[in-house]
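Novice: pasting the sequence and the predicted model now:
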Amino acid sequence: MLVKFGLNIVVVVSAIAAYLTTITGSVDWSKVLTLGVAGFLITGAANALNEVLEKDYDKIMNRTSNRPLAAGRMTTSEAVLAAGLMSLAGLSFLALFNPLTVFLGSLSLISYAFIYTPLKRVSPIAVLVGAVPGALPVLIGSVAVSGHLTTLSIALFAIQFLWQFPHFWAIAWVADEDYKRAGFNLLPSKSGRLDESVGWNAFVYTAFLIPVGCGPYALGYTGVCSAIVLVLLGVVFAFYAFMLYKNCSREAARNLMFSSFFYLPIAQFAMVFDKL
């Protein structure tokens, strides 16, 4: 629970999918394993630090009250020590690829734990800030192959970056009571209200995601099959965002949230399958 295992696996899969989408020729599965372990450790460290900083807020939210620090099963010093060891080990594994992956891994850890986390109680701009470390895993996975930024790595980053806005806002709508209790301010509306502006903003980002999802194909890295899949996924995603704008209901927010859960893994699998 300290490393938020489910969320962590999503991050690891994103990095590996980007690696496999970028690579040409045969796949060295030992490198894939190394990347996966590095991603798990760095993400685990970031999540552990997040729980250290939000321990008092986690205690008062139903969805987080059973986390190890909030429930008192682990001390702050133990969690910080675990985070330190995981970050050192994770960055060491990334160093086996190239220096840029180490820099991006460090940036992801620092920006998530020490910039995004405290901003959550200050302003909805936290979602914008948090979307950067949230999308960096695909950049790391792609750069682990190339050693530098490429048009493909930027295109993959853009897809995951845009995806996070409707994803975050849907979760914030569903967990609104808990978030308000903890003082988190994540919704893109006046005074953090549940209104149509949340759905409209989500719809705008999902609409942009449709052409952006075609980026890897337009750049010649993937085939038409994955482009079609990403367009269809984008249309479905945008539909649920529009329904949140139209209905402004918890049910509509849950539908948008679950559609975001399906969008990313299917999109990534489609690109990997198309490439390989």
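Specialist: Good, I have the coordinates. Quick caveat, the model's predicted, so the values are computed rather than measured.

Novice: burial count for Q164?
Specialist: Residues near Q164, counting by other Cβ atoms under 10 Å, number 20. Quick note: C-beta positions are derived from backbone N, CA and C, even for glycine.

Novice: quick one: residues contacting I9.
Specialist: Contacts for I9 were tallied using Cβ atoms under 8 Å, 6 or more residues apart in numbering; they are F40.

Novice: from V143, how far off is it?
Specialist: Applying Cβ to Cβ, to the nearest Å, the value for I9 to V143 is 21 Å.

Novice: what's near enough to touch P137?
Specialist: With Cβ under 8 Å, 6+ apart, P137 has these contacts: 11-12, 14-15, 18, 39, 43, 108, 160.

Novice: which residue is the nearest non-sequential neighbour of G234?
Specialist: I210 (3.7 Å; Cβ to Cβ, 6 or more residues apart in numbering).

Novice: chain center to the helix or strand of the chain with the lowest mean pLDDT, what's the gap?
Specialist: When each helix and strand of the chain is scored by mean pLDDT, DSSP states H and E, helix 176-182 comes last, with a mean of 87. Using Cα atoms, centre = their mean, to the nearest Å, the distance from the centre of helix 176-182 to the centre of the chain it belongs to is 21 Å.

Novice: and if you look at stretch 97-109?
Specialist: Relative to its chain's centre, stretch 97-109 lies at 16 Å (Cα atoms, centre = their mean).

Novice: kindly report the same for stretch 20-35.
Specialist: That offset, for stretch 20-35, works out to 21 Å (Cα atoms, centre = their mean).

Novice: same question, stretch 51-69
Specialist: Chain-centre distance of stretch 51-69: 20 Å, with Cα atoms, centre = their mean.

Novice: what are the contacting residues of it?
Specialist: Outside stretch 51-69, the residues that reach it (Cβ under 8 Å, 6+ apart) are 1-2, 70-71, 74-76, 79-80, 83, 113, 117-118, 121, 175, 178-179, 181-184.

Novice: in stretch 50-67, what counts as buried?
Specialist: Neighbour counts over stretch 50-67 (16 or more other Cβ atoms under 10 Å) mark 50-55, 57-58, 61, 64, 67 as buried.

Novice: how about the secondary structure of V127?
Specialist: Assigned with DSSP: H, G, I helix; E, B strand; the rest coil, V127 falls in the helix class.

Novice: what number of residues lie near it?
Specialist: V127: 23 neighbours (other Cβ under 10 Å).

Novice: can you pull out the helices in the stretch 151-276 of the chain?
Specialist: Along the stretch 151-276 of the chain, counting by DSSP state H, counting those that start in this stretch, helices occupy 151-174, 176-182, 196-212, 215-218, 224-247, 250-275.

Novice: just send the ones you listed back as JSON lines, with distance to F93 too.
Specialist: JSON lines is the format used below for the helices of the stretch 151-276 of the chain (distance: least, Cβ to Cβ, whole Å):
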{"stretch": "helix 151-174", "distance to F93": "19"}
{"stretch": "helix 176-182", "distance to F93": "34"}
{"stretch": "helix 196-212", "distance to F93": "30"}
{"stretch": "helix 215-218", "distance to F93": "26"}
{"stretch": "helix 224-247", "distance to F93": "29"}
{"stretch": "helix 250-275", "distance to F93": "21"}
